[in-house]
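Chemist: Sequence first, predicted model second:
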Amino acid sequence: MQDDKEALDLSGKMLIAMPGMGDPRFANAVVFLCAYSDDGAMGLIVNKPVEDMRLSDLLEQLSIEQSDPRGNIGLHFGGPVEGGRGFVLHSPDYRSELSTMAVSEGFAMTATLDILEEMARGAGPDRALMALGYAGWGPGQIEAEIAANGWLVCDPTQTMVFDLPDADKWTAALRSIGVDALTLSSSAGHA
């Protein structure tokens with residue numbers, strides 16, 4: 001018999017918050033899971049922009065000179081843990097020897113200043129999403145939340161994560177698993 005971790009591999013998957021999510025920080029959230037193991041899970045919310053702040057603002061705060069406007073992407077609220085720490089979810093064409101973590105076939109994550117310096121020069125990844133903070137779950141916590149109908153799970157696409165407007169990502173993630181947002185209820189039921 002397989003254990004639950006083998007049967008439920010969430011690495012590189014996306015969580016879609018169900019209506020009625022108890023924590024308002026996760027209302028209508030789409031979370032890309034960057035790491036999943038017996039120790040818990042770590043993910044980045046990919047559809048909640050930080051208002052009135054762009055990568056160029058962050059680069060200025062960090063005294064990193066920007067020479068390429070392509071690196072001026074919006075910033076996202078990645079989650080409630082370590083809000084002052086930055087994480088870049090990106091296409092796998094960029095790799096830092098220091099800290100790039102391959103997440104899945106189409107995604108990688110880097111959390112060091114070198115990627116920001118590369119992006120400022122236009123030499124970073126082709127596609128990227130910058131998040132401040134992350135969402136974290138302890139051992140067994142995310143499985144319990146999924147079992148309690150707090151989250152649905154879907155496979156991400158680069159288009160969904162990097163190209164769609166943030167306001168459309170939740171609905172698109174639901175559609176990717178055949179769910180119409182209008183049919184969802186905020187109360188859970190079990191058969």
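Modeler: Okay, I see it. All of these numbers come straight from a predicted model, not from anything done at the bench.
Chemist: make it CA atoms for all contacts and neighbour counts henceforth
Modeler: Will do.
Chemist: In the protein, where is pLDDT below threshold?
Modeler: Residue ranges of the chain with pLDDT under 70: 1-7, 69-72, 185-191.
Chemist: same thing but at 50, please
Modeler: In the predicted model of the chain, residues 1-6, 190-191 satisfy pLDDT under 50.
Chemist: How about the contacts made by residue 88?
Modeler: For residue 88, the contacting residues are 109, 110, 111, 115, 128, 129, 130, 131, by Cα atoms under 8 Å, 6 or more residues apart in numbering.
Chemist: can you do 6 Å?
Modeler: Residues near residue 88 by Cα atoms under 6 Å, 6 or more residues apart in numbering: 109, 110, 129, 130.
Chemist: Show me which of these is closest to residue 59.
Modeler: Distance ranking of those against residue 59, using Cα to Cα, places residue 130 first at 11.8 Å.
Chemist: Return the set of residues that bridge with that closest one.
Modeler: residue 75, residue 88 (DSSP bridges).
Chemist: Can you give me the neighbour number for it?
Modeler: 25 (other Cα atoms under 10 Å).
Chemist: Please report how far it lies from residue 93.
Modeler: When distance is defined by Cα to Cα, to the nearest Å, residue 130 is 16 Å away from residue 93.
Chemist: from what I can see, residue 79 looks like it's in a helix, true?
Modeler: No: Residue 79 is assigned coil when assessed by DSSP: H, G, I helix; E, B strand; the rest coil, not a helix.
Chemist: Any chance of the backbone angles for it?
Modeler: phi 150, psi 170 (degrees, to the nearest 10).
Chemist: CA-only coordinates of stretch 169-189, as PDB, when you get a sec.
Modeler: C-alpha atoms of stretch 169-189 as PDB (Å, rounded to 0.1, in the frame of the first residue of the first chain):
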ATOM      1  CA  LYS A 169      -6.000  33.200 -13.000                       C
ATOM      2  CA  TRP A 170      -8.500  31.800 -10.400                       C
ATOM      3  CA  THR A 171     -11.200  31.300 -13.000                       C
ATOM      4  CA  ALA A 172      -8.700  29.900 -15.600                       C
ATOM      5  CA  ALA A 173      -7.300  27.400 -13.000                       C
ATOM      6  CA  LEU A 174     -10.800  26.200 -12.200                       C
ATOM      7  CA  ARG A 175     -11.600  25.900 -15.900                       C
ATOM      8  CA  SER A 176      -8.500  23.800 -16.400                       C
ATOM      9  CA  ILE A 177     -10.000  21.100 -14.200                       C
ATOM     10  CA  GLY A 178     -13.500  21.400 -15.700                       C
ATOM     11  CA  VAL A 179     -15.000  23.500 -12.900                       C
ATOM     12  CA  ASP A 180     -17.200  26.600 -13.500                       C
ATOM     13  CA  ALA A 181     -16.700  29.200 -10.700                       C
ATOM     14  CA  LEU A 182     -20.500  29.900 -10.700                       C
ATOM     15  CA  THR A 183     -21.300  26.400  -9.600                       C
ATOM     16  CA  LEU A 184     -19.000  26.500  -6.600                       C
ATOM     17  CA  SER A 185     -20.600  26.800  -3.100                       C
ATOM     18  CA  SER A 186     -18.900  28.300  -0.100                       C
ATOM     19  CA  SER A 187     -20.100  25.400   2.100                       C
ATOM     20  CA  ALA A 188     -18.600  21.900   1.800                       C
ATOM     21  CA  GLY A 189     -20.400  18.600   1.800                       C
END
